[in-house]
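Engineer: Got a predicted model here, sequence first, then my questions.
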Amino acid sequence: MPCRTKVSARPGQNLLLGRSRADYVCAFDARTDSTGWLPQQRVAAHPLDPTPPLAAWLGTWRYYDDKIVLKRAGEILDAEGEAYWPGKNVMPANEGAFAGTAKPAGNRLHFGDGAPGCEVDMALAGSFLVVTDNHGCGGHNVSFSGIYTRRGQQAR
C-alpha cells in the first residue's frame, strides 16, 4: 500500500511499519485499513520475531471478505483460503480458493507446488499476516494479496 497521508494512532496500538523518510515512518493501521506517515518519535518499533513458534501462525485471518484459516498438523500447517472480487456479497462475485500444507521457514510460509497454478506466500509480522499470490488462485481479479489480521480465537 502506498503511504500518502498522515495517519492517527492511539497509544499502544499495533501498527505495521514500513519505510521511513526524514523524521517520519510509514505505518499501516488495520482498524482503518489505511497507511500514512507518523512522526518517528511517536512510534516505539519492536523487532519482528524471525522464527515465530508454530502457534503464532494459527487461527482465522481476514482481509475484508477474504479468509485464510491456518491449523496445526504436527510440525506443519494446513491452510484453507477463500477470496472474492469485488466482494463476497457483491453479485456476481468472482471466487478463488486454495488449500495446502507447508512448513514455515522462519517467519515465511509458501503454499504451492511450483507447477502452474495457485502460489501463495505469507510473512508473519507480529499480529499481521502479509500475503501475496501469483494471481492464479481463482476467477478474474481474485487475489489473496493483502494484510490480514486474526479474528476470533487462535486455533490450537
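Structural biologist: Yep, it's here.

Engineer: alpha carbons only for contacts and neighbour counts from here, please
Structural biologist: Noted.

Engineer: Now do the domain split for this structure, please.
Structural biologist: What automatic domain parsing lists as the domains of the chain is 5-42, 54-151.

Engineer: The helix or strand of the chain with the lowest mean pLDDT: what's the following helix or strand?
Structural biologist: For the chain, counting by mean pLDDT, DSSP states H and E, strand 5-6 ranks last in confidence among helices and strands (a mean of 74). Using DSSP states H and E, the helix or strand that follows strand 5-6 in sequence is strand 16-21.

Engineer: Hmm, Tyr148 is touching Leu129, no?
Structural biologist: Yes - Tyr148 is within contact range of Leu129, at 4.9 Å (criterion: Cα atoms under 8 Å).

Engineer: Present the domains of the chain as CSV; the columns should include distance to Leu48 and mean neighbour count.
Structural biologist: Converted to CSV, the domains of the chain look like this (distance: least, Cα to Cα, whole Å; neighbours: other Cα atoms under 10 Å):
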stretch, distance to Leu48, mean neighbour count
domain 5-42, 10, 15
domain 54-151, 6, 18
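
Engineer: quick one on the thing from earlier: mind listing the strands the least confident helix or strand of the chain pairs with, and their directions?
Structural biologist: Applying DSSP bridges to the sheet, strand 5-6 is found paired with strand 34-39 (parallel).

Engineer: which stretches of this protein have low pLDDT?
Structural biologist: Applying pLDDT under 70 to the chain flags residues 1, 114-115, 152-156.

Engineer: Can you show me the strands along it?
Structural biologist: For the chain, applying DSSP state E gives strands covering 5-6, 16-21, 24-29, 34-39, 59-63, 66-73, 76-85, 94-102, 108-111, 120-125, 128-133, 146-151.

Engineer: Of these, which is nearest Pro52?
Structural biologist: Minimum separation from Pro52 across the strands of the chain (Cα to Cα) falls at strand 120-125, 8.0 Å.

Engineer: contacting residues around the closest one?
Structural biologist: With contact meaning Cα atoms under 8 Å, 6 or more residues apart in numbering, strand 120-125 is reached by 16, 48-49, 52, 57, 107-112, 129-134, 144.
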